[in-house]
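here is the input, now give the coordinates:
(chains A and B)
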Amino acid sequence: MSLRSPLGRVRGLGSAKSGLSHWRWQRITALALIPLGLWFVYILLELMNADHAQVVAFFRSPCPAALAIGLVVALFYHMKLGLQVVVEDYVHGHVAQVALQVALRLGTALGALLALVSILKLSLGSA
Amino acid sequence: MTSRPLSPHLQVYRWQLPMAMSIFHRMTGVALAVGSLVLLYWLVAAASGPEAYARAQGLLGSVVAKLLLAGWTWAFFYHLCNGVRHLFWDAGKGFEIKRAYASGYAVIGCSFVLTALVWACVFAQSGGAR
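Okay, here's the model as predicted:
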């Protein structure tokens, strides 16, 4: 006789698997990207004619640097979640599916790291 | 491929606005993922020093780059506005057919107006600087 509750026994056995987590994080990152995305467009307009010194000066202040880091994290995670579903929907064949999903994870992680290191170097570096 | 009956797919439906908008949401999402490579390039160039940054600014100021950036600006605002529409649906609001169409037209309108606004700012600034 099992001491586990009926709910405990079936949990994780449904068709959704980790679907709720995917759905939830897609929405959380989407919510974060509304203000961060609008801020990003505003910054692009501010910096579009800026020289290098002005860009460095911009990232020197803590608030812009922190917001830029938040933007990069939310953006690349949102991108990973979205592209993952596109690959799930349109790529057929097990090998291609797994290969693309792995490439997608490594690619978005690398992109986010490159962006983060660049922001930190601009913000904290001596250049 | 298979002779068993398949569930209805895109080709059997008459095209209608909500369905086209859903497809565009996904297409703009993929386009924006590609566009973020440009953002990445710009950030890495800025972090690499004044020479790399000047090269990036030169490349991004070209006519071809401006056309691409205009396309990405629209994709951004479309995905943003339609994303907000989806968030309302997630909260269970706005599913009535009339309201779904109204919000759809609003999203399309807003995406073009906001894109025009941003590029008006771009041209006003570059006109002032040169």
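
what residues does the residue in chain B that chain A sits nearest to make contact with?
Residue nearest to chain A within chain B: B:Ala47 (3.7 Å; Cβ to the nearest Cβ). In this view, the C-beta of every residue, glycine as well, is placed from N, C-alpha and C. Contact analysis of B:Ala47 by Cβ atoms under 8 Å, 6 or more residues apart in numbering or on different chains lists A:Val117, A:Ser118, A:Ile119, A:Lys121, A:Leu122, A:Gly125, A:Ala127.

close to chain A: what parts of chain B are there?
B:26, B:29-30, B:32-33, B:36-37, B:39-40, B:43-44, B:46-47, B:49-50, B:53-54, B:73, B:76, B:80, B:83-84, B:86-87, B:90, B:118, B:121-122, B:125-126, B:129 (Cβ under 8 Å from any Cβ of the partner chain).

can you say which of those residues are buried?
When those are checked for burial by 16 or more other Cβ atoms under 10 Å in any protein chain shown, the buried set is B:29, B:32-33, B:36, B:39-40, B:43-44, B:46-47, B:53, B:73, B:76, B:80, B:83-84, B:86, B:118, B:121-122.

three-state assignment of A:Phe59?
Recorded secondary structure, A:Phe59: helix (DSSP: H, G, I helix; E, B strand; the rest coil).

what's the pLDDT at it?
On pLDDT, A:Phe59 comes in at 96.

that one: how many residues sit nearby?
By the measure other Cβ atoms under 10 Å in any protein chain shown, the count of residues near A:Phe59 is 22.

and what of A:Phe40?
Close neighbours of A:Phe40, defined as other Cβ under 10 Å, add up to 18.
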